[in-house]
Each structure stands twice: as structure tokens, then as C-alpha cells.
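Novice: I would like the atomic coordinates for the input below:
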Amino acid sequence: MRRLTLGLLIATYLCLSLIVALTLWRNGTGWGVAVSALMGGLGVCLASHGMIMRFLEMRDMRAEVGAVREAHKILLEQVERIDGRVTIVARAIDADLTRSAELTDEVHMLEDLVHKMSRRFEERPAVGYGGARGGPDPVPSRGLMEIVREALAENRVDLYLQPVVSLPQRRTMFYESFSRLRDPTGKIIMPAEYLAVAEPAGLVTAIDNLLLFRCVQIVRRLAAQDRQVGIFCNVAMASLGDDEFFPQFLELLRANRDLAPALIFEVGQAAFDARTSVEARNMGKLAELGFRFSLDKVADLDLDLQDLSRADVKFVRIGAQRLLDDLTDIGERLVFRSMPDLAAEDFALLMRRYGVELIAEKVENERQVVDILDLDIQIAQGHLFGEPRAIKDAVLAETGPPPRRVIEMPQRRAAFG
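Specialist: Residues are numbered from 1 along each chain as shown. So this is what the prediction gives:
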């Protein structure tokens, strides 16, 4: 339409110029003057048209610029309102994080008190089970030992599971298993209590055996439900080197080697580093069946990754706060104090190159989650994701009781040892 209008206007300008030229020619001015008048008239018309169109375009542009400025002003007002709301939300979140950090500090204080009480209990294992403190005869300790023996003989051993999740999805990938004993009254006996007498009496192998049996049962049940999750099962390194216990241990695992991808054995760092040739050889026998190992109770971050890889250790569990407390700045890099030559964010990646996955445990708040994600840690565990929960008696009843030989042999050997 605009092109048609422009064509008509040019035709009009041409007609007007021709009229002027013909008028001059008829008045006797000659062809030269008429042609000049034609060209001049046409030029004046076109120039006037261009000036008018430029004026109209400028007017429209000023109107559009004014509208853009008004929209920009409205947008700035909205941004200022949103910024004010974000500031309020940020302050509220910061206050919540501060409170969470304060609660975490309080939890750490409580944990320290619990550890101190546990150490005192180990020094005086009889406290809480009869006898006067400081008495000459350690009868109460023997009383606790009898309670542990009875708990094993009467199957008063509970299995607790705590989820281990992937980050940042927080999908449950594994469970860590814990054992708890119960006395005849139903009171829970924690490991800090019963291990003080179970280790000297040689009953740890019986507990390991029973815990393993329970873990196999639960893994089998989960596999029947098509739940592709694994279970970390604690085992004492001494149990792996026990000439009487290990053959039964190996026999049970050989009969259930199809569960190897879902059952991971966990040993402490100190015990792993001090393992004997027999214990290392027996770990190799389990690895040949397809079972993997995990390292926990890590005190030294400067790990021998080649040694871990040779021993088929596929997971290392380190406390989240332990990792964060070891961080420090060197120049513009964030490193661990124990490994100043390696950037902190490359630690987990380096472990993966050796086939070892780092697990951050004891995660208690969201701020720790953000910090460990910055370290490229992809698996975590802690009360933030779920507390240890006891497997219901009904579930264990469905899986069946453990065979008597699972626990009788270690107890007999302890009795005569």
C-alpha cells in the first residue's frame, strides 16, 4: 500500500511539473525554459516530499522512544520491588542458616560429651550394670559380658539402616548398617558399651557374623523387590584374619555371591593400614567373588590411592565437617592442609581416577551440602538425609532366624580362649 501511495504521489508531482512547463512554453518562453521548469518543479516536489516524510518519521520515533522510556521506568520500579523482596527473603534465609549453624555447634558439643561419656564407660564398663564404682572385683564387667553373650544366643541383635544418597538429587543409593544389642529388659546397648567387653572376649566375630547374615537377608529382600541399592556392612579386620571365623564367612558369601554388587564391607582406616598379609589375602579372596570394600574412620586425608585400588576399596567415607575444617586458602586456591599441592575441588576427581568414590558422612545442615558440592562430592550421608532406623521385627521374621552355627562357633571359641 505504501508503494502504491508513493507511486501516485510521484505521478502527481510529475503532472504538476508538466503543467507548469506547458504553461511557460505556451507563453512563448521556448523549449529550454519549459524543460528547465519541468525538471526544477519535479525536484522541488520530491525534495518537499522527502522533508515531510523525514519530519513524520522523526515524530513517530520520538513517540516510540517516549513509550520505551515509560516502559523502562515501569520495569525499574518492578525490579526495585523484586530486589526489596529478595533482600527480605535473603535475610530470612541467612537468619535460618545462622540458627542452623548454632544448632550444629550445639550438636557437636553434645557429641563431644557423648564421646567423653563413652570413653569413661570403656574405662569403667560396669557402670549401669550393677556394682560400686572403683570396687576391687570387676564382676559388673563380667555381668555385661553375660548380657552380650545372651543377646547373641537369643538373637537380641537389631539391625539399623541409614540412607546414603546421591547429590544433588538426594536419591537413596545405599544404606549403612549398624548393630544394636538389647538386654533382657529391652534396653538398647550401644557399640560404645558392648564393644568394651566384646572385643577382649572375642565376641566381635560373632557380632560380625550375625550382622553379615542379617545384611544378606535384607539385600536379598530388596533384590526381590527390584530395588537396586547396596548395603555397607561393617566387619572387623581381625575377623577377616581369624582362621576359624573366615572360612565360614567365605562359605556364606560364596553361597550368596550373586549379591556381591549390593554388599560392601567396611573397615577402619587404621585397621586397613595395619592389616597383616593373611588379612590382605583374605580380602583378595572376597574381591575375587566380586565383593567390594569401603574405608571409614578416616583420620588422614593423604591416602595411598594405589594401595586402595589394589585392595578393591571402592569407597572412602570421610566426615563432612572433617573435610571442611581441613580447607585453607593458598594464594587464590582452596586446598586441604594435609595436601597443599592439590586443589580441594580436584580431590574427589583424583579418587575417581583410581576407582574410589568419596562419601561425605555426618552431613547435618544445608550449608554443608553446598560446601561439599563445591568439592565435587557426589555421595553423602547424615541425619539431614535420614537417621538410622531399625528394621522391623516383622521384616526380620519373614527373612528367617540365623542358623545356630552363625553365632555358636565364635562364642564357643571365645569361651575356651
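Novice: element containing residue 165, please.
Specialist: Per DSSP states H and E: residue 165 is located in strand 157-166.
Novice: actually residue 279, not the one I wrote
Specialist: Using DSSP H and E, residue 279 falls in helix 277-288.
Novice: what comes into contact with that helix?
Specialist: Helix 277-288 is touched from outside by 237, 240-241, 246, 250, 253, 265, 275, 293, 311-312, with contacts defined as Cβ atoms under 8 Å, 6 or more residues apart in numbering. Any C-beta I mention is one placed from the backbone N, CA and C, and that applies to glycine too.
Novice: separation between the residue most central in space within the chain and residue 369?
Specialist: Closest residue to the average C-alpha location of the chain: residue 167 at 3.3 Å, with Cα atoms, centre = their mean. Using Cβ to Cβ, to the nearest Å, residue 167 is found at 7 Å from residue 369.
Novice: which residues do the two both contact?
Specialist: By Cβ under 8 Å, 6+ apart, the residues touching both residue 167 and residue 369 are residue 380.
Novice: rewinding a little: which two from the contacts of helix 277-288 end up farthest apart in space?
Specialist: Farthest apart among those by Cβ to Cβ are 253 and 275. That separation is 18.3 Å.
Novice: which regions of this structure sit below the pLDDT cut-off?
Specialist: The chain contains residues with pLDDT under 70 at 89-90, 92-142, 226-227, 392-417.
Novice: so where do the strands sit in it?
Specialist: 157-166, 172-182, 188-189, 230-234, 263-268, 292-296, 313-319, 327-330, 333-336, 339-343, 357-361, 379-381, 389-390 (DSSP state E).
Novice: mind putting the ones you listed in CSV, mean neighbour count included?
Specialist: Compiled in CSV, these are given as follows (neighbours: other Cβ atoms under 10 Å):
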stretch, mean neighbour count
strand 157-166, 20
strand 172-182, 20
strand 188-189, 18
strand 230-234, 23
strand 263-268, 21
strand 292-296, 21
strand 313-319, 21
strand 327-330, 12
strand 333-336, 16
strand 339-343, 13
strand 357-361, 22
strand 379-381, 23
strand 389-390, 14
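Novice: show me the contacts for the residue nearest to the centre of the chain.
Specialist: 369, 372-373, 377-380.
Novice: re earlier: so what strands line up beside the strand holding residue 165?
Specialist: Take DSSP bridges as the rule and strand 157-166 pairs in its sheet with strand 172-182 (antiparallel), strand 379-381 (antiparallel), strand 389-390 (antiparallel).
Novice: on that earlier part again, would you list the buried entries among the contacts of helix 277-288?
Specialist: 237, 240-241, 246, 253, 265, 275, 293, 311-312 (16 or more other Cβ atoms under 10 Å).
Novice: out of those, who's nearest residue 322?
Specialist: Once Cβ to Cβ is applied, the member of the buried ones among the contacts of helix 277-288 that ends up nearest residue 322 is residue 293, at 20.3 Å.
Novice: please name the residues that touch the closest residue in space to that closest one that isn't next to it in sequence.
Specialist: The spatial neighbour of residue 293 that comes closest, neighbours along the chain excluded (Cβ to Cβ, 6 or more residues apart in numbering), is residue 313 at 4.6 Å. Contact partners of residue 313, counting by Cβ under 8 Å, 6+ apart, are 272, 292-295, 356.
Novice: got those residues as a markdown table, with distance to residue 25 columns?
Specialist: Below are those laid out as a markdown table (distance: Cβ to Cβ, whole Å):
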| residue | distance to residue 25 |
| --- | --- |
| 272 | 116 |
| 292 | 109 |
| 293 | 113 |
| 294 | 110 |
| 295 | 111 |
| 356 | 104 |
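Novice: please identify which of those residues is nearest to residue 340.
Specialist: residue 356 (21.0 Å).
Novice: residue 272 - nearest residue in space that isn't next to it in sequence?
Specialist: residue 295 (5.9 Å).
Novice: could you do residue 391 as well?
Specialist: Nearest non-adjacent residue to residue 391 (Cβ to Cβ, 6+ apart): residue 159, at 4.7 Å.
Novice: distance of that neighbour relative to residue 53?
Specialist: 88 Å.
Novice: now swap in residue 201 and tell me
Specialist: 105 Å.
Novice: what is the neighbour count of the spatially closest residue to residue 253 that is not a sequence neighbour?
Specialist: The shortest distance from residue 253 to any non-neighbouring residue, by Cβ to Cβ, 6+ apart, is to residue 289 (5.9 Å). Look at residue 289: counted by other Cβ atoms under 10 Å, it has 12 neighbours.
Novice: go on, residue 38?
Specialist: 20.
Novice: just checking, the residue nearest to residue 253 touches residue 258?
Specialist: No - using Cβ atoms under 8 Å, residue 289 is not in contact with residue 258, being 10.0 Å away.
Novice: return every residue with contacts to both of those two.
Specialist: Looking at what touches both residue 289 and residue 258 (by Cβ under 8 Å, 6+ apart), there is no common residue.
Novice: just to revisit the earlier point, the strand holding residue 165 relative to strand 313-319, how many degrees between them?
Specialist: 90 degrees (axes from the mean of the first three to the mean of the last three Cα atoms, to 10 degrees).
Novice: by how many degrees do strand 157-166 and strand 230-234 diverge?
Specialist: 130 degrees.
Novice: what's the angle between strand 157-166 and strand 357-361?
Specialist: 110 degrees.
Novice: quick one: buried residues of stretch 294-305?
Specialist: Applying 16+ other Cβ under 10 Å to stretch 294-305 flags 294-296, 298, 301, 303, 305 as buried.
Novice: list of residues touching stretch 247-261?
Specialist: Residues contacting stretch 247-261 (Cβ under 8 Å, 6+ apart): 208-209, 212-213, 216, 219-220, 223, 230, 239-240, 263, 282, 285-286, 289-292, 405-406, 409.
Novice: buried sites along that stretch?
Specialist: 248-249, 253, 256, 259-260.
Novice: what's the first-to-last distance across it?
Specialist: 21 Å (Cα to Cα, to the nearest Å).
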